[in-house]
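Q: A structural model of the following input is requested.
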Amino acid sequence: MTLPTYLEFARDHWPYLGRTGKLNNDTTLLTDTATLATIRNFISAEKPASLNPVDILHIVYLMTRKAEDHSIFDSQQTLARGFNVDVKTIVRSQKRLAKVDYLARPQRRGRTNLLSLNILKIPSEAPLLLKITQDAKDLTLRYQTALRKAGQKRFHKNWLAQQFPSAQRLLNECGGDLDLTCWMLGYAMTTPPYISSFMKSLYHLAGRWPKIAAGYAVLQQQRQDLKAMQESQELQQGEVAA
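A: Got it, this is the predicted structure:
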C-alpha cells in the first residue's frame, strides 16, 4: 500500500487528520498569534534588573523562532550580526540570561550550543503553561523513560519543560487519549523511518505525526483483519469437527 493510500485510509479512521494528511492547526500551541501575544506580554512585564536591551532582544528573537519546544542552533557570530553587536556582547547576554534561568544552552563539544527558552521561568509564558495538561507531563516522563531504555543517558536541565508543548500537541492530535498517544509513540520507536526522530525529541516526532498516524492506522487494520481471519478459520474448523 502506497503512502497516499495510507493517508486516505487514516483519514477515514482518524478524524484528527485533515484532508491533506497534515496536522490540525487547532492542536498547535505555538501559533503565530500566540507568539505575538507572548512577546507583547514579555515586553510589558517586569524583568530582572540585571537584564539589558540586548538581553530582551535575545528573548524576543528566540520567541519568534518558537524556541519554547525545541532548540535552535544559531551561533554567537550569527546572533551578533543579526543584533548588530559584537560577539562578546552576545556571550555576556547569554550568560546573564542563563543566570536568571530564562535561557537553556547545553554545551556541545566542538559544536554550536543549543539555545532554547525555559518556559517554566519566563512569566509571559504562563498562558502556554496553562494549556499543558497533567497527561502531557506524564507522556513526557514516559517518553524520557523510553529514551533511557534506548540508551540515552543525558538530558539537559530544561529538557522536560521543552518537551511539554509538543507532548500536548500530540495528545491533542489523538483526541486527548494518553494510551493511544503512547501506543503511537511505541510504533514510532520501533519503525525504522521514525526511529531517528523518536531519539531526537517530541518536536521532531510532531513533524512526522501524520505519516506515523497513517502507518499506525494501517497496522491496526492489518491486525484486525488477521484476527478476523483466524476467528473465521477456527469457526470453520469447529463446524468440520462437528
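Q: contacts for stretch 189-198?
A: Applying CB atoms under 8 Å, 6 or more residues apart in numbering, the contact partners of stretch 189-198 are 146, 150, 185, 187-188, 204-205, 207-208, 211-212, 215. Where C-beta positions appear, they are placed from N, C-alpha and C, glycine not excepted.
Q: wait, Ala104 touches His156, no?
A: Yes. With contact defined as CB atoms under 8 Å, Ala104 reaches His156; the gap is 6.1 Å.
Q: looking at those two, which is more packed in?
A: Taking neighbours as other CB atoms under 10 Å, Ala104 and His156 compare with Ala104 leading, 22 against 14.
Q: list the contacts of the nearest residue to that one once chain neighbours are set aside.
A: Sequence neighbours aside, Asn158 is the residue nearest to Ala104 in space, at 3.4 Å (criterion: CB to CB, 6 or more residues apart in numbering). Contacts for Asn158 were tallied using CB under 8 Å, 6+ apart; they are 104, 116, 118.
Q: of the contacts of stretch 189-198, grab the buried ones for ChimeraX.
A: Buried members of the contacts of stretch 189-198, defined by 16 or more other CB atoms under 10 Å, are picked up in ChimeraX with:
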select :146,185,187,188,205,208,211,212,215
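Q: farthest-apart pair in the contacts of stretch 189-198, please.
A: Using CB to CB, the contacts of stretch 189-198 span at most 20.7 Å, a distance reached by Ala150 and Lys211.
Q: please convert the contacts of stretch 189-198 to CSV, extending it with distance to Gly238.
A: Listed next are the contacts of stretch 189-198 as CSV, based on distance: CB to CB, whole Å:
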residue, distance to Gly238
Ala146, 42
Ala150, 44
Leu185, 39
Tyr187, 34
Ala188, 39
His204, 49
Leu205, 44
Gly207, 49
Arg208, 44
Lys211, 41
Ile212, 39
Gly215, 35
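Q: helices or strands next to the longest helix along the chain in the packing?
A: In the chain, ranked by residue count with DSSP state H as the criterion, the top helix is helix 209-241. Counting contacts by 3 or more CB pairs under 8 Å, 6 or more residues apart in numbering; DSSP states H and E, helix 209-241 packs against helix 3-13, helix 159-173, helix 178-189, helix 192-200.
Q: one more pass at 10 Å, please.
A: For helix 209-241, the elements it packs on are helix 3-13, helix 159-173, helix 178-189, helix 192-200, helix 202-206, judged by 3 or more CB pairs under 10 Å, 6 or more residues apart in numbering; DSSP states H and E.
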